[in-house]
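In: Below are the sequence and a predicted model for it; my questions follow.
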Amino acid sequence: MTTTVGIILAAGCATYLTRCGGHLVLSRFRSIPPRVQAALDAVPAAVLTTLIAPYLLKAGPAEAGALVAGVLISLRGGLMTTFLGATAILIALRNTL
Amino acid sequence: MSVRPDNLDLGEVPDDETLEAAVVAAIPAEPGRRSELREGLRASIPVIIASSPFGLLFGAKAVEQGMSVGEATLFSAAVYGGASQMVGLDLFGERVAPWLIVLSIFAVNFRHVLYSAAVGQKIAHWPFLEQMFAFFFLVDPQYAESERRAASGRTLTFVWYLCMALPVYVLWIASAAIGGTFGKLITNPEAIGLDYLLPIYFLSLVMGFRKRPLWLPLVLVSGGVALLAVKYVGSPWHVSIGAAAGILFAALMPPKESEEAQPTENPTQEPA
C-alpha cells in the first residue's frame, strides 16, 4: 500500500466518523434540551449559507445576477425550478455581458 | 422494514430512467415503497447535475497533481466529500505530512457531525446497521434533502434515502474516473457555468428553509461571519466559523414555549 492510498483510506475513515459520530453522541442523551434542539434546527441554513460565502466574494455581474434571480425564482418555484432557472440565467449572462 | 440494498444492483452508470425501471422491477410491489423510491431517485437528479462537474474537475486535478486514475477514484469513493477532497489535493501538492492532510480533511468535514446529530433523530426508528450504512452517504445535499422531506411531515425511509444516495455516490465515483482519464479535454468549463453550479444549488437549498423560525437573521449571521472568515482566516475555516456563529445565535435566542414542551422525538417542524 502506498502512502497516498494510506492517506486516502485514513481520510475516508475520519470522514465517516464525522458522519456517524454526531448521532452516536447525541443518541446517548435521553432528552434533548430546547436550546440544543433549536441549534440543530438551525444547522441546515447556517452551514449551507457558509458554503455559498466564498463564491459571493468572487462573483462578477453575471454570477450576482444569477444568484439574485435564484432568490426571486425560489419565492415562487421549487428547488428544481430555482436551480435550473438560475443556471440558465448564469449561462445567458456570461455569454452576453 | 427489511430492504436489501444488494438487490438494488446499480450496474455501471445507467441513465436515470433505466435505473428507475430496474429498481422498480427489483422491488416487490408494495404501496408507498415505489413512490418512496421514485421520489428518492428524483431528488438525486439535481444533485448529480450540480456535483458531476466537480467530480470531473477533481479527477482531472488529481491526475494533474500526479495521482493515478485509480487513486483519484479511490479518493472519491472513500472520502466522498468534494470540498475536503479539493483541500486534500492542495496539500498533496505541498508535500505536507500525511497526518496533517488527514487532519485537514477531517476539519473540513467536521460539519457532518451536526448533520449526523440532526438526521439521526429522524432515522432513529431504523435498524442500527441501516443507520450506520446510511451515515456514510450523509453529504451536504443528502442532508438538506432529508431535512426538507422530514420538515414536510414525511417519515424518512431507508428506501427513499438510498434511492437518493446511491445514484449520487456512483456518479461521483464515476465522474472522478472519467475526469482523471479525460481531464485534458475539458477546456472551458466557465462558458457553460459549470464552476458556479454548486453555489446556485446551495442557494436553492437555503431558500427552501426560509419558513423556519429565525431564518433570515440566521442566514445573515452565518453568511456575514463566513464572509469575514473567508477574508481574514481563509478557507476552509469559514465553514466552521460561520456555521458556529449562526448555530450559537439560534441556540441563544429565547426558545418558544411550545418548543419547550416538545418531546425529543418530535422536533418542531414548520408547515410545508
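Out: On my side now, so go ahead.
In: so where is chain B shaky, pLDDT-wise?
Out: Low-confidence segments of chain B, defined by pLDDT under 70: B:1-31, B:94, B:186-189, B:255-272.
In: Can you show me the helices along it?
Out: Taking DSSP state H, the helices of chain B run over residues B:16-26, B:33-64, B:69-79, B:82-94, B:98-108, B:112-122, B:128-135, B:140-151, B:158-182, B:197-208, B:215-232, B:237-252, B:257-261.
In: Can the fifth one be said to contact chain A?
Out: In other words, helix B:98-108. Yes. Helix B:98-108 reaches chain A (C-beta under 8 Å from any C-beta of the partner chain) through B:98, B:101-103, B:105-106. All C-beta atoms are positioned from the backbone trio N, CA, C, and that covers glycine.
In: Between these, which sits nearest residue A:25?
Out: Nearest to residue A:25 among those: residue B:106, at 15.7 Å, using C-beta to C-beta.
In: That closest one contacts residue A:18, correct?
Out: Yes. Here residue B:106 reaches residue A:18: they are 6.9 Å apart, a contact under C-beta atoms under 8 Å.
In: of those two, who's got more company?
Out: residue A:18 (24 against 18; other C-beta atoms under 10 Å in any protein chain shown).
In: So which bits of the helix or strand hosting that one are buried?
Out: Assigned by DSSP states H and E, residue A:18 belongs to helix A:3-26. Neighbour-count burial for helix A:3-26 flags A:4-5, A:7-12, A:14-24, A:26 (criterion: 16 or more other C-beta atoms under 10 Å in any protein chain shown).
In: Dump that helix to CSV, restricted to CA.
Out: Output in CSV follows, covering the C-alpha atoms of helix A:3-26 (Å, rounded to 0.1, in the frame of the first residue of the first chain):
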residue,chain,number,x,y,z
THR,A,3,1.4,6.4,1.3
THR,A,4,-1.1,8.0,-1.0
VAL,A,5,-3.6,5.1,-0.6
GLY,A,6,-3.0,5.1,3.2
ILE,A,7,-3.8,8.8,3.4
ILE,A,8,-6.9,8.3,1.3
LEU,A,9,-8.2,5.4,3.5
ALA,A,10,-7.4,7.2,6.7
ALA,A,11,-9.2,10.4,5.4
GLY,A,12,-12.1,8.2,4.5
CYS,A,13,-12.4,6.7,8.0
ALA,A,14,-12.0,10.2,9.6
THR,A,15,-14.8,11.5,7.3
TYR,A,16,-17.1,8.5,8.2
LEU,A,17,-16.5,9.2,11.9
THR,A,18,-17.9,12.7,11.4
ARG,A,19,-20.9,11.4,9.6
CYS,A,20,-21.9,8.8,12.2
GLY,A,21,-20.3,10.4,15.3
GLY,A,22,-22.8,13.2,15.8
HIS,A,23,-25.7,10.8,16.1
LEU,A,24,-23.8,8.3,18.2
VAL,A,25,-23.0,11.0,20.7
LEU,A,26,-26.4,12.7,20.7
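In: Is residue A:87 in contact with residue B:197, as I believe?
Out: Yes. Proximity of residue A:87 to residue B:197 meets the contact threshold set by C-beta under 8 Å, at 6.4 Å.
In: List the contacts of stretch A:14-23.
Out: B:78-81, B:84, B:102-103, B:105-106, B:109-121, B:131-132, B:135-136, B:138 (C-beta atoms under 8 Å, 6 or more residues apart in numbering or on different chains).
In: which residues touch stretch B:247-255?
Out: A:34-36, A:38-39, A:41-43, A:46, B:114, B:214, B:217-218, B:221-222.
In: mean confidence score for stretch A:56-67?
Out: Across stretch A:56-67, pLDDT averages out at 93.
In: near chain B at all, it?
Out: Yes. Counting by C-beta under 8 Å from any C-beta, chain B has neighbours in stretch A:56-67: A:56-57, A:63, A:66-67.
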